[in-house]
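Show me the folded form of this:
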Amino acid sequence: AQGDGLAKRAMQFYKKLYRVERKAKENQLTAKQRHNLRQEESRPIMTAFKYWLDEHHPQVLPKSPLGKAMNYCLKYWNGLCAFLSDGRLEIDNNLTEQEIKCSSSDLI
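Down below sits the predicted model:
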């Protein structure tokens, strides 16, 4: 994602979304408040990201790393947007994955 290419632009969308999440966490928002914040700030980012994906996806080689990432986003778009519908949901499953890794390393 170096330079001014498409990958850098995609990362800018993610950074904006995570800034909203950080804001919610720092302000210790309730699930309802986080939901409202996401409707106000994250939903427009996701709408712009989807528009951007639809516009640029045809220009990218499908087997390239960026093409694969774009294909993934488009294929799982509804799941990627699930966090917008419920303030109790996290934006990602990183914490769950970390817990699974810790639990599985205990088994070894």
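
For the most centrally placed residue in the chain, give me its contacts.
Centroid check for the chain by CA atoms, centre = their mean gives Y14 as the closest residue, at 5.6 Å. Counting by CB atoms under 8 Å, 6 or more residues apart in numbering, Y14 touches no other residue. Every residue, glycine included, has its C-beta placed from N, CA and C.

Swap in 10 Å and give it another go.
A1, I45, F49, I91, D92 (CB atoms under 10 Å, 6 or more residues apart in numbering).

mind putting those in JSON lines, secondary structure included?
What follows is the contacts of Y14, written out as JSON lines (DSSP: H, G, I helix; E, B strand; the rest coil):
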{"residue": "A1", "secondary structure": "coil"}
{"residue": "I45", "secondary structure": "helix"}
{"residue": "F49", "secondary structure": "helix"}
{"residue": "I91", "secondary structure": "coil"}
{"residue": "D92", "secondary structure": "coil"}
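
Of the residues you listed, keep whichever come out buried.
The neighbour-count criterion (16 or more other CB atoms under 10 Å) marks I45, F49, I91 among the contacts of Y14 as buried.
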